[in-house]
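S.K.: Take this sequence and fold it.
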Amino acid sequence: MGRHGFGSGEYKYFSYPLPDLIAELRAVLYGNLHGIANRWNEAMEIDIRYPESHDAFLKRCHAAGQTRPTPLLLQYGPGDYNCLHQDLYGEHVFPLQVAILLSEPGRDFTGGEFVLTEQRPRMQSRAEVVPLRQGDAVAFAVHVRPVKGTRGFYRVNMRHGVSRIRSGHRHTVGVIFHDGK
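M.R.: The predicted structure is shown next:
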């Protein structure tokens, strides 16, 4: 991560063919999230809609030259962290992604909290720490999400990261549904 300015730690993207478990997770989670993604886009007046199957969405990505798989494994050790960022890898972006914590906080590592920030228009950014235990998953916005205001919905810019690891090692699987260029 350090050489790219993303923080400190290691990450490895899976290659095609994806391991069966990762491919199955990606398809099943997408199937449960595409309806939310479509409602979000409708609320934000974005014309893009997502098909019911992940395979159909991947065909859209691949037709646009986005053929690199994006699911990944992340490993953090003492002092490592992940800067606030967004996982945007091309024109076709699915608006939600999932992180699954593989390590147990307090036993395998300390620190390393999953952090989300929202940048609200004309307001200060707001941070949210999401407490996760081993095996927990969190679904979160890749880029923007709708928020209801007094005059309808508006877009809130989201970023995510991981706070500094104080001790031990933290492992995570990231499930991103769009492929990259």
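
S.K.: Low-confidence regions, this protein specifically.
M.R.: Within the chain, the stretches with pLDDT under 70 are 1-5.

S.K.: rerun that using 50 as the cut-off
M.R.: For the chain, no stretch has pLDDT under 50.

S.K.: tell me the contacts of the residue nearest the centre of it?
M.R.: In the chain, the centroid-proximal residue (C-alpha atoms, centre = their mean) is Gln97; its distance is 3.7 Å. By C-beta atoms under 8 Å, 6 or more residues apart in numbering, Gln97 lies in contact with Asp87, Ala139, Phe140, Val142, Gly174, Val175, Ile176, Phe177. Placement of C-beta: from N, CA and C, glycine included.

S.K.: can you rerun that using 6 Å?
M.R.: Taking C-beta atoms under 6 Å, 6 or more residues apart in numbering, we find Gln97 in contact with Val142, Ile176.

S.K.: how close does it sit to Val162?
M.R.: 14 Å (C-beta to C-beta, to the nearest Å).

S.K.: just to revisit the earlier point, phi, psi for the residue nearest to the centre of the chain please.
M.R.: With angles defined as degrees, to the nearest 10, Gln97 sits at phi -140, psi 170.

S.K.: Bridged to it, which residues?
M.R.: Phe140, Ile176 (DSSP bridges).

S.K.: From Pro78, how far out is it?
M.R.: For Gln97 relative to Pro78 (C-beta to C-beta), the value is 26 Å.
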